[in-house]
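Undergrad: Just to be clear, the model below is a prediction. Sequence and coordinates:
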Amino acid sequence: MRILLAIIIVLLVAAASLYWMLQPPDPLPVPERGATIDHVTIIQPGESRRVDQSLTVAGSAIATLAISEGARGPYAGMYVLPGLINMHTHHPPQNLPTARDLFPLLFLLHGVTAVRDAGDVDGKTVLPLRHAIEQGAMPGPRIFACGPFVDGPETTWENTRHVTDPRDAKAAVTAIKGAGYDCMKIYNSLAPDVLAALVAAAREEGLPTMGHVPRLAPYPGGIGDVQHFTGAAYVPNTDQRPFPEVMDAWASFDDAQAERTVKATMDSGAANTPTLVTTAKNANYDRYEDMRRSAEAAQLPRYFADVIWHPAEGLPRDVSETNLNRLKLAMGKIKGLVKRLHDAGATLHLGTDTLTAFVVPGADMHEEMRLFVESGVPLEEVWRLATSGNGAALKPGLGRLDVGAPADFLIFRADPTQDLANLSTLEAVVADGRLYTKADLEARLARLRNHWSNPVVDAVMTELVCMAMAQFRTDRE
């Protein structure tokens, strides 16, 4: 009996030790709101450039903007710009052993001060995370959340609300808004009459719509903000093939088709969030090993690159030569459409589909900006789109450096509107009125990396994620 008791005690101690070993270090302490930044150049991209300015923050808003007087503070001579806003993100679900503050931390570390979560994968993550950030339990960006994936009969993600009858649309919209969500995510298998009913009910409730144009509906389907250009390649007809086969449509996307798409966009007033970086990463899976070893991937635990994004063992994906060539061809056509829509005056948003393959929080936004520039959009205009352009769709004053506007801004040693390489000169981030130095954010990331690099922690977390991926693939069969 004593031997058995001793064995039980040893096992309990071992289990407790392993449990505590797996716990990440406590989040970075959240500073009090308020700041004074003086003798800086304040840039409102696309509008104004004011030199030798002083900016003060009171609470969570910008309190004053004026010519600087007196002593020079630590940021004197630097450049202040609005924080970046990512219009398409996802946060890790609860079944992944990811430190709760990792994604919010990485957003801030790269100057992203607000994000729109385009679908809470398990329905248990985003609202509690938003609440924790708002209450000062951890650093992070503002989160605007779209709640469940609203779909027809199909189930792609756990947190799906099925609507197959137009008569149920009103109840679905009311429930999503009542739960505290800021927008509604439309998905792939909705029937056209159900989609129309959902869009009408959302408009009546003042709830913005965004998402995929369903396969049976013509682009843009009445959706306020179309993601990934779904349906844009084959206006006015529908193409019922699933992704990635449907990307073949870009092969025949010519000038005439582009003009039809631009006209449909302008006539409807729809916005588009192309998520160029997602297509680019998917098209480069012939360079999987390079992406796996990249500095960006190293900002996440190993199980993201080695398991979740693994070409065979992770989330289902087609990495055949046929599909990669299809995506590479599509990428060029999609960038051309971005330029056409921009020149026509259409609304474009920058978003990245964070959590998809090798789309790393924060770094992905920098890459999306580069891809917009490659598409032919001028650099300062890209900055405008990524700040006040995105912000206008989420909250009054967001993305602006005006008295009374939300205090979300960035401080750089060199002007990033002249060269995107100057993004690396970020010195500090102010999010919701709280100032974080880049050094403090980097120190927190270093602590997390030390934690998940522990051989025992790495082995256990990776095995847990392998089990989660196996269950996900089983559920999809």
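TA: It's in.
Undergrad: May I have the residues that are in contact with the residue lying closest to Pro301 once chain neighbours are set aside?
TA: Using Cβ to Cβ, 6 or more residues apart in numbering and skipping the chain neighbours, the partner closest in space to Pro301 is Trp452 (4.4 Å). (Glycine included, C-beta is placed from N, CA and C.) Contact partners of Trp452, counting by Cβ atoms under 8 Å, 6 or more residues apart in numbering, are 24, 99, 301-302, 458, 461.
Undergrad: which element is Trp452 on?
TA: helix 438-453 (DSSP states H and E).
Undergrad: Show me which residues of that helix are buried.
TA: 438, 440-441, 444-445, 448, 451-452 (16 or more other Cβ atoms under 10 Å).
Undergrad: Which one of the residues you listed is nearest to Ser294?
TA: Minimum separation from Ser294 among the buried residues of helix 438-453 (Cβ to Cβ) is found for Leu445, which lies at 15.6 Å.
Undergrad: Report how many residues lie close to Ala312.
TA: Neighbour count of Ala312, defined by other Cβ atoms under 10 Å: 7.
Undergrad: can I assume it sits in a strand?
TA: No: counting by DSSP: H, G, I helix; E, B strand; the rest coil, Ala312 is located in no strand; its state is coil.
Undergrad: For it, report the pLDDT, please.
TA: On the pLDDT scale, Ala312 is placed at 89.
Undergrad: What of the one 5 residues further on?
TA: At Arg317 the predicted local confidence, pLDDT, stands at 89.
Undergrad: you'd agree it is up against Tyr288?
TA: No: taking contacts as Cβ atoms under 8 Å, Arg317 lies outside contact range of Tyr288: 10.6 Å.
Undergrad: joint contacts of these two?
TA: Contact criterion Cβ under 8 Å, 6+ apart; residues shared by Arg317 and Tyr288: Pro311.
Undergrad: from what I can see Ala196 touches Val163, true?
TA: No: applying Cβ under 8 Å as the test, Ala196 and Val163 come out as separate, 11.6 Å apart.
Undergrad: which one of the two has more residues nearby?
TA: With neighbours defined as other Cβ under 10 Å, Ala196 and Val163 compare such that Val163 has more, 25 against 16.
Undergrad: what's the closest non-adjacent residue to the more buried one?
TA: What sits nearest to Val163 in space, not counting adjacent residues and going by Cβ to Cβ, 6+ apart, is Ala172, at 5.0 Å.
Undergrad: Just the element for that neighbour, please.
TA: helix 169-178.
Undergrad: Look at stretch 163-181 and report the distance between its end residues.
TA: Distance across stretch 163-181, first residue to last, is 18 Å (Cα to Cα, to the nearest Å).
Undergrad: May I see the buried residues of it?
TA: When burial is assessed from 16+ other Cβ under 10 Å, stretch 163-181 yields the following buried residues: 163, 166, 168-170, 172-173, 176-177, 181.
Undergrad: With stretch 52-59 instead?
TA: 53-57.
Undergrad: do stretch 83-95 as well
TA: 83-93, 95.
Undergrad: Output the buried residues of helix 438-453 as a markdown table; include the columns pLDDT and distance to Ala137.
TA: What follows is these, written out as a markdown table (pLDDT from 0 to 100; distance: Cβ to Cβ, whole Å):
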| residue | pLDDT | distance to Ala137 |
| --- | --- | --- |
| Lys438 | 98 | 21 |
| Asp440 | 97 | 17 |
| Leu441 | 98 | 16 |
| Arg444 | 96 | 14 |
| Leu445 | 97 | 18 |
| Leu448 | 96 | 16 |
| His451 | 94 | 19 |
| Trp452 | 91 | 21 |
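Undergrad: how close does the residue nearest to Val163 sit to Ser252?
TA: 36 Å (Cβ to Cβ, to the nearest Å).
Undergrad: So Asn86 sits against Glu367, correct?
TA: No: under the criterion of Cβ under 8 Å, Asn86 is not in contact with Glu367, lying 11.5 Å apart.
Undergrad: Which residues are in contact with each of these two?
TA: Contacts common to Asn86 and Glu367, judged by Cβ under 8 Å, 6+ apart, are Thr352.
Undergrad: quick one: secondary structure of His261?
TA: For the record, residue 261 is Thr, not His. helix.
Undergrad: Wait, it touches Leu337, no?
TA: Yes: Thr261 lies in contact with Leu337 (Cβ under 8 Å); the separation is 6.5 Å.
Undergrad: Please work out the average pLDDT along stretch 205-219.
TA: 97.
Undergrad: what's the first-to-last distance across it?
TA: 23 Å.
Undergrad: Report the buried residues of it.
TA: 207-219.
Undergrad: same check, this time on stretch 317-333
TA: Buried, per 16+ other Cβ under 10 Å, within stretch 317-333: 317-318, 323-324, 326-327, 329-331, 333.
Undergrad: what are the C-alpha coordinates of the helix or strand hosting His39, in CSV please?
TA: In this assignment (DSSP H and E), His39 forms part of strand 35-44. Extracted C-alpha coordinates of strand 35-44, given in CSV (Å, rounded to 0.1, in the frame of the first residue of the first chain):
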residue,chain,number,x,y,z
ALA,A,35,1.7,60.3,-22.8
THR,A,36,3.4,63.5,-24.0
ILE,A,37,5.3,63.2,-27.3
ASP,A,38,7.1,66.4,-28.3
HIS,A,39,9.2,67.9,-31.2
VAL,A,40,8.0,65.2,-33.6
THR,A,41,6.8,65.3,-37.2
ILE,A,42,3.1,64.2,-37.3
ILE,A,43,2.1,62.5,-40.5
GLN,A,44,-1.5,61.9,-41.5
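Undergrad: orientation of the helix or strand following it relative to strand 35-44 in degrees?
TA: Scanning forward in sequence from strand 35-44 by DSSP H and E, the next helix or strand is strand 48-58. With axes from the mean of the first three to the mean of the last three Cα atoms, to 10 degrees applied, the angle from strand 48-58 to strand 35-44 works out at 150 degrees.
Undergrad: got the buried residues for the helix or strand that strand 48-58 is followed by?
TA: The helix or strand immediately downstream of strand 48-58 is strand 61-67, counting by DSSP H and E. Within strand 61-67, the residues scored as buried using 16+ other Cβ under 10 Å are 61-63, 65.
Undergrad: If you count contacts, what does strand 61-67 end up packed against?
TA: Packing partners of strand 61-67 (3 or more Cβ pairs under 8 Å, 6 or more residues apart in numbering; DSSP states H and E): strand 48-58.
Undergrad: from the chain's centre, how far out does the strand it packs on sit?
TA: Chain-centre distance of strand 48-58: 28 Å, with Cα atoms, centre = their mean, to the nearest Å.
Undergrad: So what touches it?
TA: 33-43, 62-69, 80, 401, 407, 409, 430, 433, 435.
Undergrad: what is the orientation angle of it with strand 61-67?
TA: Our comparison of strand 48-58 with strand 61-67, counting by the same axes, to 10 degrees, yields an angle of 130 degrees.
Undergrad: CA-only coordinates of strand 48-58 in PDB, if you can.
TA: The C-alpha coordinates for strand 48-58 follow below in PDB (Å, rounded to 0.1, in the frame of the first residue of the first chain):
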ATOM      1  CA  SER A  48      -0.800  66.400 -43.900                       C
ATOM      2  CA  ARG A  49       2.700  66.600 -42.500                       C
ATOM      3  CA  ARG A  50       3.200  68.800 -39.500                       C
ATOM      4  CA  VAL A  51       6.800  69.400 -38.200                       C
ATOM      5  CA  ASP A  52       8.000  70.200 -34.600                       C
ATOM      6  CA  GLN A  53       4.700  69.200 -33.000                       C
ATOM      7  CA  SER A  54       3.700  68.100 -29.500                       C
ATOM      8  CA  LEU A  55       1.000  65.500 -29.000                       C
ATOM      9  CA  THR A  56      -0.600  64.700 -25.600                       C
ATOM     10  CA  VAL A  57      -2.800  61.700 -24.700                       C
ATOM     11  CA  ALA A  58      -5.400  61.800 -21.900                       C
END
